[in-house]
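S.K.: Model the following, please.
(chains A and B)
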Amino acid sequence: MLDTAREIPTPEGIELSLRLAGPVARALAWMIDLVVRLTAFGILSIPVSLLGGIGAGISFILWFGLEWFYPTLFEVYGGGATPGKRALGLIVLHRDGTPVGLPASLTRNLLRAVDFLPLLYGFGLLSVVLSRDFQRLGDIAGGTLVVYREASTQHGAIPAAPPLPPAMLLSPLEQRTLLDLAARSQMLTSERAQELAALAPRLSGATGDTAALARVLSIANYLIGRRA
Amino acid sequence: MKQQAFEAHYEVRWIEFADWLKHSGEKRTKGGGKSALEAMDVPARYRELCQHLALARDRQYSADLIERLSGLALAGHQALYGAHTRGLERVWQFLRTGFPRAVRREVRFVALAALLFFGPLLTLTFAVPRHPEFAYVVVPARMLDSVQEMYGEATKALGRKREADTDVAMFGFYIFNNVRIGFQTFAGGLAFGLGAIFYLLYNGVFIGAITGHIIHSGLAVNFFSFTSGHSAFELGAICLSGAAGLKLGFALLAPGRLRRAAALRAAAAQAVPLVVGLAGMLLIAAGIEAFWSPRTFLPPVAKYAVGAMLWLLLLLYFAFAGRERAN
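M.R.: The predicted structure follows:
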């Protein structure tokens, strides 16, 4: 199926599907975080700078904290995502799909220093592109994944239509294809949906595009068990 | 069972489960929220949901239902199997047992790192006073001059170039600078250990050359009365950061019966306690270096004694803290 979907087997014998985040989304999230960090540092520096020598000490500590612990703080205690990742809808998880814990988060964020080399995440990008699960080196060592928070929503509910039994026996796969089309029909343009419905003339009856789609929807309604 | 009937039959239970998920999330953050579902029932409900998802997939129900159920299952998986973070108790536990045990477990890497670091450091400390010109080979002349100034007779606060540098400012700087070096040494280990080896040798040579140069310049008393206090925590932490880095590198070089990625993961998990601990040591070192080391109201001998005491305490801590009592 989708090449960025990662299936995780669980002890209950089912497979959970995670959608991996690619380098572009992650780079954008990092840039947002950079702006957030610089802004936070800028705002906090103003009162701190009035304190003289003590202020200089505080701003060193502040910058140190923002540089090394900002991601870990948010990942472990802020629901798995820094503000930048949150804005992009990303979240950091363990490889088994559980929320990231302190050791793994520390590992991935301390090794950021290597991923950042030789320039602007050069090694990190190389590792993301080469690894199967879009992991940078820190992710590999920490055993973490960066995934999209929400599952993809390519399917809506199947719109209600007067149910109609199919004219022939449909295999499970055929049924599934038909249901998928019905579920996506609201998200496609009506022309495209009609065009797709007309691809199966024996099912939809070759009676013009609008009628074909209506018929597919009716059969779908029958298949999921709606009865007149 | 047709999809419609399936949904109608279990809808209430899915809504209850979703409701529990929402409340359990709130409970963790806000401390409120009551759900219709008792906590005791949740694992059974989660297994039931997993079964529903498997059925829905097997029976080729429509995609939106499967997406909804897998969303619930994923959230349930995270809520049930996720690690729950504990607070201060965990910090204390780490200091009492976790950190010293981790150091003892990695004693081979710690010893190797110590050799790489203290080897050149001690060699140069003794060699440079006999061959003073060698200091200029490894350390820029400007820096040697400024070091000499820091420990010269004119200075009021040892180890400072300017009087304007206050204790707190230096405290912040030491944290910013030293902990970063520690973290970089660890991360450098990812390059098959080369980064860690480089930082260990480099720091060893650098510190050794400067120490030798200071001794040659006759400022040894000022220098050692400044450095003795924080030397245990700072030099010890450098060793540990090297050890943690070497562990990463070794896992890549000799993964044993694991795949390299898996070996790296295991090594990183075992190295993290070292890194957390050494960061703590560097914080302590920064405190000593900023607030205690520059003081000149005590005679140097007293400061040497404090330094030696701290070395002893640290070594005893690593050797004995967190050992199980033999029955």
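S.K.: is it true that A:L117 touches A:S127?
M.R.: No. Contact criterion Cβ atoms under 8 Å: A:L117 and A:S127 do not qualify, at 11.3 Å. For glycine as for every other residue, the C-beta is placed from the backbone atoms N, C-alpha and C.
S.K.: does the residue nearest to B:L258 when sequence neighbours are not counted sit in a helix or strand, and which one?
M.R.: Leaving aside its chain neighbours, B:L258 sits nearest to B:A266 (6.9 Å; criterion: Cβ to Cβ, 6 or more residues apart in numbering or on different chains). With elements delineated by DSSP states H and E, B:A266 resides in helix B:260-291, which encompasses its position.
S.K.: buried residues in that helix?
M.R.: Under the neighbour-count criterion of 16 or more other Cβ atoms under 10 Å in any protein chain shown, helix B:260-291 has B:261, B:263-268, B:270-290 buried.
S.K.: which residues does A:S185 contact?
M.R.: When contacts are counted by Cβ atoms under 8 Å, 6 or more residues apart in numbering or on different chains, A:S185 is found next to A:159, A:193, A:197, A:213, A:216-217.
S.K.: try 7 Å this time
M.R.: A:159, A:193, A:213, A:217 (Cβ atoms under 7 Å, 6 or more residues apart in numbering or on different chains).
S.K.: May I ask which helix or strand encompasses whichever residue of chain A sits closest to chain B?
M.R.: Residue of chain A nearest chain B, by Cβ to the nearest Cβ: A:G225 (2.5 Å). Applying DSSP H and E as the criterion places A:G225 outside every helix and strand.
S.K.: again, but for A:E67
M.R.: Under the criterion DSSP H and E, the helix or strand holding A:E67 is helix A:53-68.
S.K.: The next helix or strand after that helix to helix A:53-68, inter-axis angle?
M.R.: Once the chain leaves helix A:53-68, the next helix or strand it forms, by DSSP H and E, is helix A:70-77. Between the direction of helix A:70-77 and that of helix A:53-68, the angle (axes from the mean of the first three to the mean of the last three Cα atoms, to 10 degrees) works out to 60 degrees.
S.K.: Tell me where the longest helix sits in chain A.
M.R.: What stands out as the longest helix in chain A, according to DSSP state H, is helix A:23-49.
S.K.: Which positions in whatever helix or strand B:G182 lives in come out as buried?
M.R.: Taking DSSP H and E as the criterion, B:G182 maps to helix B:180-188. By neighbour count on 16+ other Cβ under 10 Å, the buried set for helix B:180-188 is B:181-188.
S.K.: among those residues, which are within reach of chain A?
M.R.: B:183-184, B:186-187 (Cβ under 7 Å from any Cβ of the partner chain).
S.K.: Out of these, the closest to chain A would be?
M.R.: Closest approach between these and chain A, by Cβ to the nearest Cβ: B:A187, at 4.0 Å.
S.K.: For residue 8, the count of nearby residues, please.
M.R.: Going with chain A. Here the number of neighbours of A:I8 (other Cβ atoms under 10 Å in any protein chain shown) works out to 18.
S.K.: other chain: chain B
M.R.: The local packing count at B:A8 equals 11, with neighbours defined by other Cβ under 10 Å.
S.K.: what pLDDT does it get?
M.R.: Model confidence at B:A8, expressed as pLDDT, equals 87.
S.K.: what about it, helix or strand, and which?
M.R.: Under the assignment given by DSSP H and E, the secondary-structure element containing B:A8 is helix B:3-29.
S.K.: which parts of that helix are buried?
M.R.: Within helix B:3-29, the residues that qualify as buried by neighbour count (16+ other Cβ under 10 Å) are B:3-4, B:6-7, B:10, B:14, B:17-18, B:20-21, B:23-24.
S.K.: Show me what that helix is packed against.
M.R.: Identification of packing neighbours for helix B:3-29 by 3 or more Cβ pairs under 7 Å, 6 or more residues apart in numbering or on different chains; DSSP states H and E yields helix B:42-58, helix B:63-81.
S.K.: can you rerun that using 6 Å?
M.R.: Helices and strands touching helix B:3-29, as assessed by 3 or more Cβ pairs under 6 Å, 6 or more residues apart in numbering or on different chains; DSSP states H and E, comprise helix B:63-81.
S.K.: Compute the inter-axis angle for the helix it packs on and helix B:42-58.
M.R.: 150 degrees.
S.K.: could you check whether helix B:63-81 is close to chain A?
M.R.: Yes. Remark: helix B:63-81 sits within contact range of chain A at B:63-64, B:67, B:70-71, B:74, B:77-78, B:81, by Cβ under 6 Å from any Cβ of the partner chain.
S.K.: Around residue 197, how many other residues sit close by?
M.R.: No chain in the question, so chain A it is. Applying other Cβ under 10 Å, I find that A:A197 has 24 neighbouring residues.
S.K.: Wait, chain B was what I had in mind.
M.R.: Tallying neighbours of B:I197 according to other Cβ under 10 Å, which is how burial is gauged here, yields 22.
S.K.: Over to B:A114?
M.R.: Applying other Cβ under 10 Å, we find 21 residues neighbouring B:A114.
S.K.: Show me what whichever strand or helix holds it is packed up against.
M.R.: Element membership of B:A114, judged by DSSP H and E, is helix B:107-127. Applying 3+ Cβ pairs under 6 Å, 6+ apart, one finds that helix B:107-127 contacts helix B:194-216, helix B:220-253.
S.K.: Contacts only, for A:V146.
M.R.: When contacts are counted by Cβ atoms under 6 Å, 6 or more residues apart in numbering or on different chains, A:V146 is found next to A:21, A:26, A:90, A:92.
S.K.: Same list, these, but as JSON lines with pLDDT please.
M.R.: Shown next, in JSON lines, are these (pLDDT from 0 to 100):
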{"residue": "A:A21", "pLDDT": "89"}
{"residue": "A:R26", "pLDDT": "91"}
{"residue": "A:L90", "pLDDT": "91"}
{"residue": "A:V92", "pLDDT": "91"}
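S.K.: Among these, name the ones in helices.
M.R.: If you go by DSSP H, these have A:R26 in helices.
S.K.: residues contacting the residue of chain A closest to chain B?
M.R.: When contacts are counted by Cβ under 6 Å, 6+ apart, A:G225 is found next to B:2-5.
S.K.: which non-adjacent residue is nearest it?
M.R.: Once its chain neighbours are removed from consideration, A:G225 has its nearest residue in B:K2; the separation is 2.5 Å (Cβ to Cβ, 6+ apart).
S.K.: what does A:L223 give?
M.R.: The spatially closest residue to A:L223, leaving aside those adjacent along the chain, is A:Q175, at 5.6 Å (Cβ to Cβ, 6+ apart).
S.K.: how much space between the one you found and A:A5?
M.R.: Taken as Cβ to Cβ, to the nearest Å, the spacing of A:Q175 relative to A:A5 amounts to 22 Å.
S.K.: Between these two, which has more neighbouring residues?
M.R.: For A:Q175 against A:A5, the residue with the higher neighbour count under other Cβ under 10 Å is A:Q175, and the figures read 20 against 13.
S.K.: Any regions of the chain where pLDDT drops low?
M.R.: I'll assume chain A. Within chain A, the segments meeting pLDDT under 70 span A:1-2, A:151-154, A:204-209, A:228.
S.K.: You answered for a different chain; I wanted chain B.
M.R.: B:25-37, B:83-88, B:153-157, B:159-165, B:325-327.
S.K.: try 50
M.R.: Applying pLDDT under 50 to chain B flags residues B:29-32.
S.K.: Point me to the residue of it nearest chain A.
M.R.: B:K2 (2.5 Å).
S.K.: Roughly how far does that residue sit from A:N221?
M.R.: B:K2 sits 11 Å away from A:N221 when distances are taken as Cβ to Cβ.
S.K.: Which one's more surrounded, the two?
M.R.: For B:K2 versus A:N221, the count of surrounding residues by other Cβ under 10 Å is larger for A:N221: 22 against 15.
S.K.: tell me the phi and psi of the residue nearest to the more buried one when sequence neighbours are not counted?
M.R.: Here the nearest residue to A:N221 in space, its sequence neighbours aside, is A:P163; by Cβ to Cβ, 6+ apart that works out to 4.3 Å. Here is the backbone geometry of A:P163 (degrees, to the nearest 10): phi -60, psi 150.
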